[in-house]
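Chemist: Here is a sequence with its predicted model. Questions after.
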Amino acid sequence: MELQLLQFIWTVLLLQVYLFWSGQCLSVHFTNQQPIHVIKGHNLNLQAQIDLLDGERITKVTWDRQAKNSRKNSTVAEFPGKISDGRAIVEQQGAMLKIRDYQPSDSGVYTVTVTNQSGQRRSTQQTVDEYLAVNHVSVMVNVSHCILHCLEAWGTEPTFTWLHEQAAVTETVGHVSADGTSLYVSSTFCGHFTCVVSNKLGQSSATYTAEPCPRKNRATTAVVLCLILLLLVVTCLEIQLWRRCRHQSNRRERLRESCEDTL
């Protein structure tokens, strides 16, 4: 009796292990868990990673989309199956979804559901949004701390670049924060500070104008002007001296000629 009970317990344990293992064999996930942004008119490619055990096979893959600001789900494509609108196709036994000519209405949360021959189902999700151009760039200033902040409305993957007097900011001017949105000015807070925001669709900029910067070459310019004036004065003196010498020389020649005539 005890032997039969022991066999029963072992059978139950083995069955539970088998059910647990078989329930864990099928898995599906996206390598990139971050939202995907697609430029309007380009193609949307969603690649799911499906893991199977030896001997396991896929019987059905379904791609659904939940539109933005909506709870309604709609089937985009199935494998095997036919495509409803002709823009969406599935490849690699349903693991890849391709949508041609992406439009803003294609944005939303995509869910891929995989079913194997045992009827087990696994699902994973990926968020898709439209890739937007940079817009409404502005610069805010904290004069007391000599900090400039660059703001941008809703562009996708914006990159920030700072210019001072139309030239790239150097360490002598200041340093930029890690995300590029702030400029900490270490030199004289003067001149024009421009923030340029760009992404794949173009760029936009905004400029903050501070007090005019003192000219660095003012002293040099003054020295050059003094040298030029000095040169002009010396030249004029030399011309006057040359004329006077010539006049005196001509006068001596005339006096000598008169004396010779008298003799």
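Modeler: It's in.
Chemist: tell me the strands in the stretch 151-263 of the chain, going along the chain?
Modeler: With strands called from DSSP state E, counting those that start in this stretch, the stretch 151-263 of the chain shows them at 159-164, 167-168, 174-176, 182-185, 192-199, 202-209.
Chemist: quick one: strands adjacent to the last one?
Modeler: Meaning strand 202-209. Strand pairing for strand 202-209, determined by DSSP bridges: strand 192-199 (antiparallel).
Chemist: what pLDDT, on average, does the partner strand get?
Modeler: Over the span of strand 192-199, the pLDDT mean works out to 97.
Chemist: That strand vs strand 159-164, what angle?
Modeler: Angle, strand 192-199 to strand 159-164, by axes from the mean of the first three to the mean of the last three CA atoms, to 10 degrees: 160 degrees.
Chemist: List the buried residues for strand 192-199?
Modeler: Judged by neighbour count using 16 or more other CB atoms under 10 Å, the buried positions of strand 192-199 are Phe193, Thr194, Cys195, Val196, Val197, Ser198, Asn199. (Each C-beta comes from the backbone N, C-alpha and C, glycine too.)
Chemist: what's in contact with that strand?
Modeler: Applying CB atoms under 8 Å, 6 or more residues apart in numbering, the contact partners of strand 192-199 are 131, 133-134, 137, 139, 148, 150, 152, 155-166, 183, 185, 203-210.
Chemist: picking that back up, tell me which of the strands of the stretch 151-263 of the chain sits nearest to Asp51.
Modeler: strand 192-199 (34.7 Å; CB to CB).
Chemist: Can you give the distance from the closest one to the centre of its chain?
Modeler: 11 Å (CA atoms, centre = their mean, to the nearest Å).
Chemist: same check, this time on stretch 204-214
Modeler: 23 Å.
Chemist: Isn't Thr62 up against Glu78?
Modeler: Yes: if you go by CB atoms under 8 Å, Thr62 and Glu78 touch, sitting 5.2 Å apart.
Chemist: ok, now how distant is Thr62 from Gly81?
Modeler: According to CB to CB, to the nearest Å, Thr62 and Gly81 sit 8 Å apart.
Chemist: Repeat that for Gly94.
Modeler: 9 Å.
Chemist: In terms of neighbours, single out the busier of the two.
Modeler: Counting neighbours by other CB atoms under 10 Å for Gly94 and for Gly81 shows that Gly94 has the greater number, 23 against 13.
Chemist: And the helices in the protein, which stretches?
Modeler: For the chain, the helices defined by DSSP state H cover 2-24, 218-262.
Chemist: which non-adjacent residue is nearest the most centrally placed residue in the chain?
Modeler: Closest to where the C-alpha atoms of the chain average out (CA atoms, centre = their mean) is Thr159, at 2.9 Å. Using CB to CB, 6 or more residues apart in numbering and skipping the chain neighbours, the partner closest in space to Thr159 is Ser198 (5.3 Å).
Chemist: What distance do you get for the one you found to Gly41?
Modeler: In terms of CB to CB, Ser198 sits 20 Å off from Gly41.
Chemist: Any of the contacts of strand 192-199 buried? List them.
Modeler: 131, 133-134, 137, 139, 148, 150, 152, 155-156, 158, 160-164, 183, 185, 204, 206, 208, 210.
Chemist: what's the residue nearest to the centre of the chain in contact with, if anything?
Modeler: Neighbouring residues of Thr159 by CB under 8 Å, 6+ apart: Gly180, Val197, Ser198, Asn199.
Chemist: 10 Å - rerun?
Modeler: Neighbour list for Thr159: Val134, Asp179, Gly180, Val196, Val197, Ser198, Asn199, Lys200, Gln203 [criterion: CB atoms under 10 Å, 6 or more residues apart in numbering].
Chemist: Tell me how far the last one lies from Cys195.
Modeler: The gap separating Gln203 from Cys195 is 11 Å, by CB to CB.
Chemist: again with the second one
Modeler: Separation of Asp179 from Cys195 (CB to CB): 12 Å.
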